[in-house]
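Any chance you can model this:
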Amino acid sequence: MKHMRVIQRILGPLMAGGLLAAPALPVGAADFTTSDGNWTFSVNGEINVDYIWSNCQSAASAAPVSGGLTCVGSANGNSSVSNIGNGLLPASISFGVKTTQNGIDIAAHFGLFPGIATNDGGSPNLQTGNGPTNTALGTTGLDIRQVYLTFGNKDMGTFTFGRNIGLFGADAILNDMTLPGVGAPGSAAGPAPSNTTLGGIGFGYIYTDWLAQIDWTSPDFAGFNVTVGAFDPLNSLSDDGAAQAKKAPGFHAKLTYTLPFNDTTKLYVSVAGITQKQNYINTDGAYDYTGSGADVFIKLDVADLEAFVYGYYAKGLGTTALFDGGAYNGGPGFGGDGQTRKSDGGMAQVTYKLGPVKLGVNYGISKLDFADGGFDEVANPFLVSKNEKGTVGAYYSLTKNLTLLLEGTRAKSTSQAGGSNSATTVNIGAYVGF
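Below you'll find the model as predicted:
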């Protein structure tokens, strides 16, 4: 279950996306202006809680799938798992401040992300694994993953300095209908749930993550915007060697185009890319490789109907998270370390509003290939080949800020050897954004 411990550690930082994606949520729940009128302060946040029930593949029939994201029942034959916790979003409260000086708009933002899972590990999305978790006398943790400043104007564009959401894969997760809900359960279908579920992460898109970065976004030009930037390079989640200092940062970029046809119809298209080099050393010597990826997102809004398609292709990035299984690492004496694996996938989604009720369905698939050279096939015969899922959901806006929701998800993980596991999850919950 090493892979699931990795998933528990990396997943959950999506609150800001929730604020951007939830249509009923105001930009700032409360705004305060200083007496001299020079500074405006804002605060907003959200809390979501679900009862999550999963029917997992039985242990007797489960196939080995290294990197699979579906749950497996316990050895005593129990395949049913219940949990009460956050969904794809953790709880959050965010603070912002802004002003205009010498014609330049200046802003800063701090995002605090607690949750409700019992976890004494510090981060609400990191279970330490040292002894039992989710026990009496425990507590949750506070995660601070958003700290950034911006400055610019309509002529010079906008600069972003700090820790904020990445560019590659962002549009897929920010528009995933399960963002206020659960989707795929992840660790919520296990004995030590963390603060977040998977939603569609690893089932149609790679997790965009939160990156320490410096970016520039261009002024709007006839509906076009471009963002380019550098980010603090990430170490791999799966290489077996010792990480070496990186000679260069990672780089990412994004081009967007918005075309409004009328007041109720709009087309949005984006293309994003990411690249970064990894440097490692083990007893076989030093090795390096480059992870790169590109994606395309197309969304059409027509009155109460929303539909999008998304696809990505990557080499050396892996699947589920950035640099998670992106290269073959056979370990000392096996050779071939640093040979990159190709991955690809995509998601399609359609939602429709009937008054206060939004109905939706989405399907996603993420695939991973063996690295070239033959070492990978021998060392990892049960490497995941694909993770796929479908979700149907109903989201009822009881008030402007309160949403009740019901989702059902069917997920399947298949190995390169052909074995597979399947699981079903049903969740019911409430979401409040302010």
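
partners of residue 258 in the sheet?
residue 268 (DSSP bridges).

I'd assumed residue 268 was in contact with it.
Yes - in this structure, residue 258 is within contact of residue 268 by C-beta atoms under 8 Å, at 5.2 Å. Just so you know, the C-beta spots here come from the backbone N, C-alpha and C atoms, and that holds for glycine as well.

Which one's more surrounded, those two?
The residue with more neighbours, out of residue 258 and residue 268 and counting by other C-beta atoms under 10 Å, is residue 268; that gives 18 against 15.

residues touching that one, list them.
The contact partners of residue 268, taken as C-beta atoms under 8 Å, 6 or more residues apart in numbering, are 256-259, 297-301.

Return the distance of the nearest residue to residue 318 once chain neighbours are set aside relative to residue 137.
The spatially closest residue to residue 318, leaving aside those adjacent along the chain, is residue 326, at 3.5 Å (C-beta to C-beta, 6 or more residues apart in numbering). Using C-beta to C-beta, to the nearest Å, residue 326 is found at 40 Å from residue 137.

Would you map the helices across the stretch 151-300 of the chain?
Ranges of helices within the stretch 151-300 of the chain are 170-174, based on DSSP state H, counting those that start in this stretch.

any chance of the contacts of residue 268 in TSV, plus distance to residue 157 and pLDDT?
What follows is the contacts of residue 268, written out as TSV (distance: C-beta to C-beta, whole Å; pLDDT from 0 to 100):
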residue	distance to residue 157	pLDDT
256	13	98
257	16	98
258	16	98
259	21	97
297	21	98
298	24	98
299	23	98
300	27	98
301	26	98
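
re the thing from before, if you count what's nearby, which of residue 326 and residue 137 comes out ahead?
residue 326 (32 against 6).

spatially speaking, which residue is in the middle of the protein?
Central residue of the chain (C-alpha atoms, centre = their mean): residue 207, 3.6 Å from the mean position.

so it touches residue 320, yeah?
Yes - judged on C-beta under 8 Å, residue 207 makes contact with residue 320 at a distance of 6.5 Å.

overlap in contacts of those two?
By C-beta under 8 Å, 6+ apart, the residues touching both residue 207 and residue 320 are residue 201.

Leaving aside the residues adjacent along the chain, what's closest to residue 57?
According to C-beta to C-beta, 6+ apart, the nearest residue to residue 57 is residue 421 (4.1 Å).

Is it possible to mark the buried ones in the contacts of residue 268?
Buried residues within the contacts of residue 268, counting neighbours by 16 or more other C-beta atoms under 10 Å: 256, 297-301.

Could I get the residues you listed in JSON lines, plus columns for distance to residue 104?
Shown next, in JSON lines, are the buried ones among the contacts of residue 268 (distance: C-beta to C-beta, whole Å):
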{"residue": "256", "distance to residue 104": "23"}
{"residue": "297", "distance to residue 104": "31"}
{"residue": "298", "distance to residue 104": "34"}
{"residue": "299", "distance to residue 104": "32"}
{"residue": "300", "distance to residue 104": "36"}
{"residue": "301", "distance to residue 104": "33"}
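
count of neighbours near residue 374?
By other C-beta under 10 Å, neighbour count at residue 374 equals 12.

again, but for residue 38
10.

Out of the buried ones among the contacts of residue 268, which is nearest to residue 244?
For the buried ones among the contacts of residue 268, the minimum distance to residue 244 (C-beta to C-beta) is 33.9 Å, reached by residue 297.

Residue 171 is in contact with that closest one, correct?
Yes - using C-beta under 8 Å, residue 297 is in contact with residue 171, at 4.1 Å.

Between these two, which contacts overlap?
270, 272, 310.

Closest one of those residues to residue 162?
Closest to residue 162, out of all of the shared contacts of residue 297 and residue 171 and judged by C-beta to C-beta, is residue 272, at 19.3 Å.

any idea how far residue 170 is from the closest residue to the closest one other than its chain neighbours?
Setting aside the residues directly before and after it, residue 272 is nearest to residue 254 in space (C-beta to C-beta, 6+ apart), at 4.2 Å. According to C-beta to C-beta, residue 254 stands 8 Å off from residue 170.

Mutual contacts of these two, please.
Shared contacts of residue 254 and residue 170 (C-beta under 8 Å, 6+ apart): residue 272.

Can you show me the strands along the stretch 301-434 of the chain?
Remark: strands assigned in the stretch 301-434 of the chain by DSSP state E, counting those that start in this stretch are 305-315, 327-328, 339-340, 342-354, 357-368, 384-397, 402-415, 420-433.

Mean pLDDT, distance to residue 293 and mean neighbour count for the ones you listed - can I get that in CSV?
Formatted as CSV, the strands of the stretch 301-434 of the chain follow (pLDDT from 0 to 100; distance: least, C-beta to C-beta, whole Å; neighbours: other C-beta atoms under 10 Å):
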stretch, mean pLDDT, distance to residue 293, mean neighbour count
strand 305-315, 98, 3, 19
strand 327-328, 92, 14, 27
strand 339-340, 94, 11, 20
strand 342-354, 98, 8, 19
strand 357-368, 98, 12, 20
strand 384-397, 98, 17, 21
strand 402-415, 98, 21, 21
strand 420-433, 97, 26, 20
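
For residue 92, find the nearest of the ones you listed.
Closest to residue 92 of those, according to C-beta to C-beta: strand 420-433, at 9.5 Å.

Counting by contacts, list what the closest one packs against.
strand 40-55, strand 402-415 (3 or more C-beta pairs under 8 Å, 6 or more residues apart in numbering; DSSP states H and E).

Give me the neighbour count for the residue lying closest to residue 106 once chain neighbours are set aside.
Among residues not flanking residue 106 along the chain, residue 151 sits closest, at 4.8 Å (C-beta to C-beta, 6+ apart). Using other C-beta under 10 Å, residue 151 has 15 neighbouring residues.

quick one: low-confidence parts of this protein?
Scanning the chain with the threshold set as pLDDT under 70 gives 1-30, 35, 120-133, 331-334.

which stretch of helix or strand covers the residue of it most remote from its centre?
Most distant from the centre of the chain: residue 36, at 40.4 Å, with distances by C-alpha atoms, centre = their mean. Assigned by DSSP states H and E, residue 36 belongs to neither a helix nor a strand.

dump the residue contacts of residue 102.
With C-beta under 8 Å, 6+ apart, residue 102 has no contacts at all.

for it, phi and psi?
Per-residue torsions, residue 102: phi 50, psi 40 (degrees, to the nearest 10).
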